[in-house]
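K.L.:
Sequence first, then the predicted structure:
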Amino acid sequence: MTLIMDDIHKVLKNVRSDYEADTFGTQEADDNPIVQFEKWFSLAAQANLPDVNAMNLATCTKNGRPSSRIVLLRDATEEGFTFFTNYNSRKGNQLIENPYAALNFFWPELAKQIRVEGKVEKVDTKVSDEYFLSRPLESRIGAWASEQSQIIESRLVLEKKFLSLKESMGSEVMRPPHWGGFILKPDYFEFWQGRQSRLHDRVAYTLNNNQWSKATLSP
């Protein structure tokens, strides 16, 4: 174990990256952070980056203990950012008992990062139904088979349950009641542009009285 940790220590000690990319300040930043998000997301999409809609989702228990994981953004509008999950999962339970969360998008190839914070609520059941039916059949069956975040005896148990459901459910697989969408309604954005010598550009947006204000942050 010590040898392994020594190797990790050596690697971490020597990992260095300097960023030579775009510049970004309040003058270039759109007054509307949703519009600015769309601009950067489009750049990432046009660059054909893998999993361009992957984002880190950070949640907390009601007592303030955080956890995070990668999920996929499925919609972004003026209202907010939508993703889908099992409501009984760890993140689902945390979002229900403490309905605030943070998102983080990172595209290292572009040296760009976007942080989004806000309040979270369930989307309308119609939205969840429509998205669920757009998923591949086996993904829909998987939502029924998986008791997400729960301890299971083995992978084999999960696979047997999946195959049994696949045989019994046929092709008309509707959304389970414990599965659906959340929307994060933002009140804070931060756009980070990597720069040389760790002198990164950071522009923050804060929502007050339904009006966005922006400011430059020190790196």
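P.N.:
That came through fine.
K.L.:
for Val116, what are its contacts?
P.N.:
37, 81, 102-105, 184, 186, 188-189 (Cβ atoms under 8 Å, 6 or more residues apart in numbering). Backbone N, C-alpha and C define where each C-beta goes, glycine included.
K.L.:
how many other residues sit next to Val120?
P.N.:
21 (other Cβ atoms under 10 Å).
K.L.:
hang on, the earlier thing: what's the closest of the contacts of Val116 to Trp212?
P.N.:
Ranked by distance to Trp212 (Cβ to Cβ), the contacts of Val116 are led by Phe189 at 8.2 Å.
K.L.:
The closest one bridge partners, please.
P.N.:
Phe189 forms beta bridges with Val116, Tyr205, as assigned by DSSP bridges.
K.L.:
just checking, it touches Asn32?
P.N.:
No - with contact defined as Cβ atoms under 8 Å, Phe189 does not reach Asn32; the gap is 9.9 Å.
K.L.:
Tell me which residue is most central in this protein.
P.N.:
Met55 (3.1 Å; Cα atoms, centre = their mean).
K.L.:
Could you verify my assumption that that residue touches Ala101?
P.N.:
No - with contact defined as Cβ under 8 Å, Met55 does not count as touching Ala101 (10.6 Å).
K.L.:
returning to that earlier point: phi and psi next, for the residue nearest to the centre of the chain.
P.N.:
phi -150, psi 150 (degrees, to the nearest 10).
K.L.:
which ones are touching it?
P.N.:
Contact analysis of Met55 by Cβ under 8 Å, 6+ apart lists 70-73, 83, 103-105.
K.L.:
residues touching the closest residue to Tyr188 other than its chain neighbours, list them.
P.N.:
Excluding the flanking residues, the one nearest Tyr188 by Cβ to Cβ, 6 or more residues apart in numbering is Glu117, at 4.2 Å. Going by Cβ under 8 Å, 6+ apart, Glu117 touches 100-103, 186-189.
K.L.:
Can I have the buried ones of these as a ChimeraX selection?
P.N.:
One line in ChimeraX is enough to select the buried members of the contacts of Glu117, burial here meaning 16 or more other Cβ atoms under 10 Å:
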select :101,102,103,186,189
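K.L.:
following the worst-scoring helix or strand of the chain on mean pLDDT, which helix or strand comes up?
P.N.:
Within the chain, no helix or strand scores below helix 2-14, which has a mean of 62 by mean pLDDT, DSSP states H and E. Sequence order places helix 33-46 as the next helix or strand after helix 2-14, per DSSP states H and E.
K.L.:
for that following helix, the distance to its chain's centre please.
P.N.:
15 Å (Cα atoms, centre = their mean, to the nearest Å).
K.L.:
picking up where we left off before, return the distance of the residue nearest to the centre of the chain relative to Thr82.
P.N.:
From Met55 across to Thr82, the span is 11 Å (Cβ to Cβ, to the nearest Å).
K.L.:
shared neighbours of those two, which are they?
P.N.:
Leu73.
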